[in-house]
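Engineer: Predicted model and sequence follow; I will ask about them next.
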Amino acid sequence: MSKLRVAVVGAKGRIGSEAVRAVEAADDMELVAALGRGDRLEALTEAGAQVVVELTHPDSVMDNLEFCVRNGIHAVVGTTGWTEDRLAKLTSWLEASPETGVLIAPNFSIGAVLTMTFAQKAARFFESVEVVELHHPNKADAPSGTATRTAQLIAAARREAGCAPQPDATTTALEGARGADVDGVPVHSVRLRGLLAHQEVLLGDTGETLTIRHDSLHHSCFMPGILLGARRVVSTPGLTFGLEHFLDLD
Ligand SMILES: NC(=O)C1=CN([C@@H]2O[C@H](COP(=O)(O)OP(=O)(O)OC[C@H]3O[C@@H](n4cnc5c(N)ncnc54)[C@H](O)[C@@H]3O)[C@@H](O)[C@H]2O)C=CC1
Ligand SMILES: O=C(O)C1=N[C@H](C(=O)O)C[C@H](O)C1
(Lines give C-alpha, C1' and ligand atoms only; values in the text may rest on other atoms or scores of the structure.)
(Ligands and ions follow the chains in the order given, each with its own letter.)
Protein backbone atom coordinates (compact mmCIF):
# COMPACT_ATOMS: atom_id res chain seq x y z
CA MET A 1 0.00 0.00 0.00
CA SER A 2 1.28 3.51 -0.75
CA LYS A 3 2.40 5.59 2.20
CA LEU A 4 0.57 8.73 3.35
CA ARG A 5 2.55 11.77 2.20
CA VAL A 6 2.83 14.03 5.25
CA ALA A 7 4.47 17.44 5.73
CA VAL A 8 5.15 19.26 9.00
CA VAL A 9 4.95 23.07 9.15
CA GLY A 10 6.63 24.51 12.21
CA ALA A 11 9.13 21.65 11.96
CA LYS A 12 11.81 23.25 14.14
CA GLY A 13 9.54 24.06 17.07
CA ARG A 14 9.07 22.19 20.35
CA ILE A 15 6.16 20.07 19.15
CA GLY A 16 6.96 20.31 15.43
CA SER A 17 10.40 18.70 15.82
CA GLU A 18 8.82 15.84 17.77
CA ALA A 19 6.18 15.48 15.03
CA VAL A 20 8.90 15.23 12.37
CA ARG A 21 10.44 12.31 14.26
CA ALA A 22 7.04 10.64 14.78
CA VAL A 23 6.08 10.86 11.09
CA GLU A 24 9.52 9.55 10.04
CA ALA A 25 9.09 6.60 12.40
CA ALA A 26 5.55 5.72 11.23
CA ASP A 27 5.58 2.74 8.83
CA ASP A 28 2.56 3.98 6.88
CA MET A 29 3.79 7.58 6.38
CA GLU A 30 6.44 9.38 4.39
CA LEU A 31 7.72 12.77 5.53
CA VAL A 32 7.76 14.76 2.27
CA ALA A 33 8.47 18.26 3.65
CA ALA A 34 9.46 19.91 6.92
CA LEU A 35 9.01 23.67 6.80
CA GLY A 36 10.18 26.34 9.19
CA ARG A 37 9.52 30.08 9.38
CA GLY A 38 10.35 31.80 6.09
CA ASP A 39 10.13 28.64 3.96
CA ARG A 40 7.90 28.78 0.85
CA LEU A 41 4.49 27.14 1.22
CA GLU A 42 4.70 26.12 -2.45
CA ALA A 43 7.16 23.44 -1.27
CA LEU A 44 4.09 21.58 0.03
CA THR A 45 2.48 21.23 -3.39
CA GLU A 46 5.84 20.57 -5.07
CA ALA A 47 6.44 17.71 -2.61
CA GLY A 48 2.94 16.30 -3.24
CA ALA A 49 1.91 16.53 0.42
CA GLN A 50 -1.48 14.94 1.15
CA VAL A 51 -1.60 16.06 4.79
CA VAL A 52 0.04 19.00 6.54
CA VAL A 53 0.61 18.89 10.28
CA GLU A 54 0.41 22.57 11.31
CA LEU A 55 2.26 23.42 14.55
CA THR A 56 3.34 27.04 14.31
CA HIS A 57 1.91 30.14 15.98
CA PRO A 58 -1.52 31.80 16.17
CA ASP A 59 -0.16 34.60 13.91
CA SER A 60 0.86 32.12 11.18
CA VAL A 61 -1.78 29.43 11.18
CA MET A 62 -4.45 31.18 9.10
CA ASP A 63 -2.17 31.90 6.11
CA ASN A 64 -0.85 28.36 6.21
CA LEU A 65 -4.33 26.84 6.31
CA GLU A 66 -5.63 29.08 3.55
CA PHE A 67 -2.83 27.81 1.32
CA CYS A 68 -3.48 24.16 2.25
CA VAL A 69 -7.24 24.27 1.79
CA ARG A 70 -7.04 26.20 -1.51
CA ASN A 71 -4.64 23.51 -2.77
CA GLY A 72 -6.72 20.58 -1.51
CA ILE A 73 -4.18 19.54 1.13
CA HIS A 74 -5.74 18.09 4.30
CA ALA A 75 -4.52 19.54 7.60
CA VAL A 76 -4.06 18.43 11.19
CA VAL A 77 -3.77 21.54 13.33
CA GLY A 78 -2.39 21.84 16.84
CA THR A 79 -1.76 25.57 16.77
CA THR A 80 -3.92 27.51 19.19
CA GLY A 81 -5.70 30.89 19.10
CA TRP A 82 -9.03 29.81 17.62
CA THR A 83 -11.92 32.30 17.70
CA GLU A 84 -15.41 32.17 16.17
CA ASP A 85 -14.24 34.58 13.44
CA ARG A 86 -11.26 32.43 12.54
CA LEU A 87 -13.35 29.27 12.44
CA ALA A 88 -15.91 30.98 10.20
CA LYS A 89 -13.19 32.04 7.77
CA LEU A 90 -11.72 28.52 7.68
CA THR A 91 -15.19 27.05 7.15
CA SER A 92 -15.74 29.35 4.16
CA TRP A 93 -12.46 28.18 2.57
CA LEU A 94 -13.50 24.55 3.16
CA GLU A 95 -16.88 25.13 1.51
CA ALA A 96 -15.00 26.07 -1.65
CA SER A 97 -12.89 22.90 -1.37
CA PRO A 98 -15.47 20.31 -0.27
CA GLU A 99 -13.20 17.25 -0.40
CA THR A 100 -10.59 18.70 1.93
CA GLY A 101 -10.49 17.87 5.65
CA VAL A 102 -9.11 19.90 8.54
CA LEU A 103 -8.79 18.59 12.09
CA ILE A 104 -8.17 21.21 14.77
CA ALA A 105 -7.24 19.60 18.08
CA PRO A 106 -6.85 21.88 21.11
CA ASN A 107 -4.90 18.97 22.58
CA PHE A 108 -3.60 15.77 20.98
CA SER A 109 -2.87 13.86 24.20
CA ILE A 110 -5.37 11.19 25.21
CA GLY A 111 -5.20 12.25 28.87
CA ALA A 112 -6.13 15.83 28.03
CA VAL A 113 -9.00 14.70 25.81
CA LEU A 114 -10.26 12.50 28.66
CA THR A 115 -9.89 15.41 31.12
CA MET A 116 -12.21 17.47 28.93
CA THR A 117 -14.69 14.59 28.66
CA PHE A 118 -14.69 13.93 32.42
CA ALA A 119 -15.01 17.64 33.21
CA GLN A 120 -17.94 17.96 30.82
CA LYS A 121 -19.62 14.99 32.53
CA ALA A 122 -19.02 16.27 36.08
CA ALA A 123 -19.88 19.92 35.39
CA ARG A 124 -23.60 19.82 36.13
CA PHE A 125 -23.20 18.09 39.51
CA PHE A 126 -21.18 20.85 41.21
CA GLU A 127 -22.12 24.42 42.07
CA SER A 128 -18.62 25.81 41.38
CA VAL A 129 -16.06 25.02 38.73
CA GLU A 130 -12.74 26.68 37.82
CA VAL A 131 -9.93 25.75 35.45
CA VAL A 132 -6.22 26.22 36.17
CA GLU A 133 -3.77 25.67 33.31
CA LEU A 134 -0.03 25.61 33.89
CA HIS A 135 2.58 25.83 31.10
CA HIS A 136 6.20 26.64 30.33
CA PRO A 137 6.89 30.40 30.08
CA ASN A 138 7.71 30.31 26.33
CA LYS A 139 4.11 29.49 25.44
CA ALA A 140 2.69 31.89 22.86
CA ASP A 141 -0.75 32.45 24.33
CA ALA A 142 -3.00 32.46 27.39
CA PRO A 143 -5.33 30.97 28.27
CA SER A 144 -4.27 27.72 26.61
CA GLY A 145 -6.38 26.32 23.80
CA THR A 146 -7.11 23.30 25.98
CA ALA A 147 -8.31 25.39 28.93
CA THR A 148 -10.50 27.53 26.68
CA ARG A 149 -12.06 24.46 25.13
CA THR A 150 -12.49 22.78 28.52
CA ALA A 151 -14.28 25.83 29.90
CA GLN A 152 -16.52 26.06 26.83
CA LEU A 153 -17.49 22.39 27.13
CA ILE A 154 -18.18 22.79 30.86
CA ALA A 155 -20.31 25.89 30.23
CA ALA A 156 -22.29 24.13 27.49
CA ALA A 157 -22.96 21.12 29.74
CA ARG A 158 -24.14 23.39 32.56
CA ARG A 159 -26.40 25.38 30.24
CA GLU A 160 -27.91 22.19 28.86
CA ALA A 161 -28.60 20.93 32.41
CA GLY A 162 -30.19 24.26 33.40
CA CYS A 163 -27.57 25.06 36.08
CA ALA A 164 -27.64 28.55 37.57
CA PRO A 165 -24.56 30.76 37.08
CA GLN A 166 -22.02 29.89 39.76
CA PRO A 167 -22.05 32.19 42.80
CA ASP A 168 -19.13 34.55 43.36
CA ALA A 169 -19.61 37.37 45.84
CA THR A 170 -15.95 38.50 45.62
CA THR A 171 -15.06 42.14 45.13
CA THR A 172 -11.72 42.20 43.29
CA ALA A 173 -9.26 44.93 44.25
CA LEU A 174 -6.97 44.03 41.35
CA GLU A 175 -8.07 43.29 37.79
CA GLY A 176 -7.34 39.68 36.87
CA ALA A 177 -7.46 38.35 40.40
CA ARG A 178 -10.29 35.97 39.48
CA GLY A 179 -8.73 34.89 36.19
CA ALA A 180 -10.27 35.13 32.73
CA ASP A 181 -13.99 34.59 32.26
CA VAL A 182 -14.59 31.96 29.56
CA ASP A 183 -18.35 31.49 29.15
CA GLY A 184 -18.81 32.11 32.88
CA VAL A 185 -16.04 29.70 33.94
CA PRO A 186 -12.95 31.31 35.57
CA VAL A 187 -9.72 30.21 33.87
CA HIS A 188 -6.33 30.85 35.54
CA SER A 189 -3.02 30.70 33.62
CA VAL A 190 0.28 29.89 35.34
CA ARG A 191 3.59 30.22 33.44
CA LEU A 192 6.47 28.50 35.22
CA ARG A 193 9.95 27.38 34.14
CA GLY A 194 10.22 23.60 34.47
CA LEU A 195 6.62 22.90 33.46
CA LEU A 196 5.42 21.64 30.09
CA ALA A 197 1.59 21.48 29.90
CA HIS A 198 -0.73 20.78 32.83
CA GLN A 199 -4.34 21.42 33.72
CA GLU A 200 -6.60 21.11 36.74
CA VAL A 201 -10.37 21.32 36.68
CA LEU A 202 -11.60 22.15 40.19
CA LEU A 203 -15.21 21.34 40.99
CA GLY A 204 -16.82 22.10 44.33
CA ASP A 205 -20.09 21.75 46.18
CA THR A 206 -21.17 21.67 49.81
CA GLY A 207 -18.76 19.51 51.77
CA GLU A 208 -16.80 18.11 48.82
CA THR A 209 -14.49 18.95 45.94
CA LEU A 210 -13.35 17.01 42.91
CA THR A 211 -10.08 17.76 41.10
CA ILE A 212 -9.40 16.40 37.63
CA ARG A 213 -5.70 16.86 36.82
CA HIS A 214 -3.69 16.07 33.72
CA ASP A 215 0.07 16.42 33.21
CA SER A 216 1.89 16.34 29.88
CA LEU A 217 5.47 15.46 30.84
CA HIS A 218 6.99 15.17 27.35
CA HIS A 219 5.95 16.22 23.84
CA SER A 220 5.83 12.53 22.85
CA CYS A 221 2.37 12.39 24.50
CA PHE A 222 0.92 14.38 21.60
CA MET A 223 2.25 12.09 18.86
CA PRO A 224 -0.28 9.21 18.80
CA GLY A 225 -3.04 11.82 18.44
CA ILE A 226 -1.25 13.63 15.63
CA LEU A 227 -0.63 10.40 13.71
CA LEU A 228 -4.24 9.27 14.23
CA GLY A 229 -5.43 12.67 13.04
CA ALA A 230 -3.31 12.44 9.86
CA ARG A 231 -4.64 8.96 9.08
CA ARG A 232 -8.28 9.93 9.64
CA VAL A 233 -8.45 13.47 8.24
CA VAL A 234 -7.88 12.34 4.63
CA SER A 235 -11.29 10.63 4.66
CA THR A 236 -13.09 13.23 6.80
CA PRO A 237 -13.95 16.27 4.66
CA GLY A 238 -14.83 19.59 6.28
CA LEU A 239 -13.88 20.88 9.72
CA THR A 240 -13.50 18.55 12.71
CA PHE A 241 -12.89 20.35 16.03
CA GLY A 242 -11.45 18.09 18.73
CA LEU A 243 -9.59 14.79 18.58
CA GLU A 244 -12.45 13.12 20.50
CA HIS A 245 -14.33 12.88 17.19
CA PHE A 246 -11.68 10.43 15.96
CA LEU A 247 -11.66 8.37 19.18
CA ASP A 248 -14.19 5.84 20.43
CA LEU A 249 -14.74 7.16 23.97
CA ASP A 250 -18.08 5.44 24.73
N1 LIG B 1 -2.77 20.77 20.20
C2 LIG B 1 -1.77 20.29 20.94
O3 LIG B 1 -1.82 19.17 21.45
C4 LIG B 1 -0.55 21.13 21.13
C5 LIG B 1 -0.52 22.37 20.61
N6 LIG B 1 0.58 23.16 20.75
C7 LIG B 1 0.52 24.45 20.08
O8 LIG B 1 1.38 24.40 18.95
C9 LIG B 1 1.89 25.69 18.70
C10 LIG B 1 3.41 25.64 18.67
O11 LIG B 1 3.88 25.34 19.96
P12 LIG B 1 5.45 25.14 20.25
O13 LIG B 1 6.01 24.06 19.40
O14 LIG B 1 5.60 25.04 21.71
O15 LIG B 1 6.02 26.55 19.75
P16 LIG B 1 7.49 26.85 19.18
O17 LIG B 1 7.65 28.33 19.23
O18 LIG B 1 8.50 25.98 19.86
O19 LIG B 1 7.41 26.36 17.67
C20 LIG B 1 6.70 27.00 16.65
C21 LIG B 1 7.58 26.94 15.41
O22 LIG B 1 6.81 27.39 14.31
C23 LIG B 1 7.65 28.24 13.52
N24 LIG B 1 6.80 29.08 12.70
C25 LIG B 1 6.11 30.19 13.04
N26 LIG B 1 5.47 30.68 11.98
C27 LIG B 1 5.75 29.85 10.94
C28 LIG B 1 5.34 29.82 9.58
N29 LIG B 1 4.56 30.76 9.06
N30 LIG B 1 5.80 28.79 8.80
C31 LIG B 1 6.61 27.83 9.31
N32 LIG B 1 7.03 27.83 10.59
C33 LIG B 1 6.58 28.82 11.39
C34 LIG B 1 8.52 28.97 14.53
O35 LIG B 1 9.67 29.52 13.93
C36 LIG B 1 8.83 27.84 15.51
O37 LIG B 1 9.98 27.09 15.10
C38 LIG B 1 1.32 26.61 19.80
O39 LIG B 1 0.16 27.23 19.35
C40 LIG B 1 1.00 25.61 20.89
O41 LIG B 1 0.01 26.08 21.77
C42 LIG B 1 1.68 22.73 21.43
C43 LIG B 1 1.70 21.50 22.00
C44 LIG B 1 0.56 20.59 21.92
O1 LIG C 1 1.85 25.51 24.02
C2 LIG C 1 1.82 24.36 24.52
O3 LIG C 1 2.81 23.82 25.04
C4 LIG C 1 0.55 23.63 24.47
N5 LIG C 1 -0.46 24.17 23.82
C6 LIG C 1 -1.76 23.62 23.70
C7 LIG C 1 -2.77 24.50 24.39
O8 LIG C 1 -2.67 25.73 24.32
O9 LIG C 1 -3.71 23.95 24.98
C10 LIG C 1 -1.82 22.18 24.11
C11 LIG C 1 -0.98 21.85 25.31
O12 LIG C 1 -1.52 22.48 26.42
C13 LIG C 1 0.46 22.30 25.10
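Structural biologist: Done, it's in. Ligands and ions are numbered 1, 2, ... in the order given.
Engineer: Helix or strand next in line after the longest helix that the chain contains, which one?
Structural biologist: Ranked by residue count under DSSP state H, the longest helix found in the chain is helix 145-160. Downstream of helix 145-160, the first helix or strand assigned by DSSP states H and E is strand 180-182.
Engineer: elements contacting that following strand?
Structural biologist: Where contact means 3 or more C-beta pairs under 8 Å, 6 or more residues apart in numbering; DSSP states H and E, strand 180-182 is packed against helix 145-160, strand 185-191. C-beta here means a position set from N, CA and C on the backbone, and glycine is covered the same way.
Engineer: in it, what's buried?
Structural biologist: Ala180, Val182 (16 or more other C-beta atoms under 10 Å).
Engineer: How about stretch 137-155?
Structural biologist: 139, 142-155.
Engineer: anything in that stretch near ligand 2?
Structural biologist: Yes. Using C-beta under 6 Å from any ligand atom, stretch 137-155 reaches ligand 2 at Lys139, Ser144, Gly145, Thr146.
Engineer: Look up the pLDDT of the residue of the chain positioned farthest from its centre for me, please.
Structural biologist: Distance from the centre of the chain peaks at Gly207, with 33.8 Å (C-alpha atoms, centre = their mean). According to the prediction, Gly207 has pLDDT 98.
Engineer: do you know how far it is from Asp168?
Structural biologist: Distance of Gly207 to Asp168, computed by C-beta to C-beta, to the nearest Å: 19 Å.
Engineer: circling back to that earlier point, compute the inter-axis angle for the longest helix of the chain and strand 185-191.
Structural biologist: Using axes from the mean of the first three to the mean of the last three C-alpha atoms, to 10 degrees, the direction of helix 145-160 lies 170 degrees away from that of strand 185-191.
Engineer: for helix 145-160, packing partners?
Structural biologist: helix 110-122, strand 128-135, strand 180-182, strand 185-191, strand 197-205.
Engineer: That one vs strand 128-135, what angle?
Structural biologist: Helix 145-160 and strand 128-135 meet at an angle of 170 degrees, taking the same axes, to 10 degrees as the criterion.
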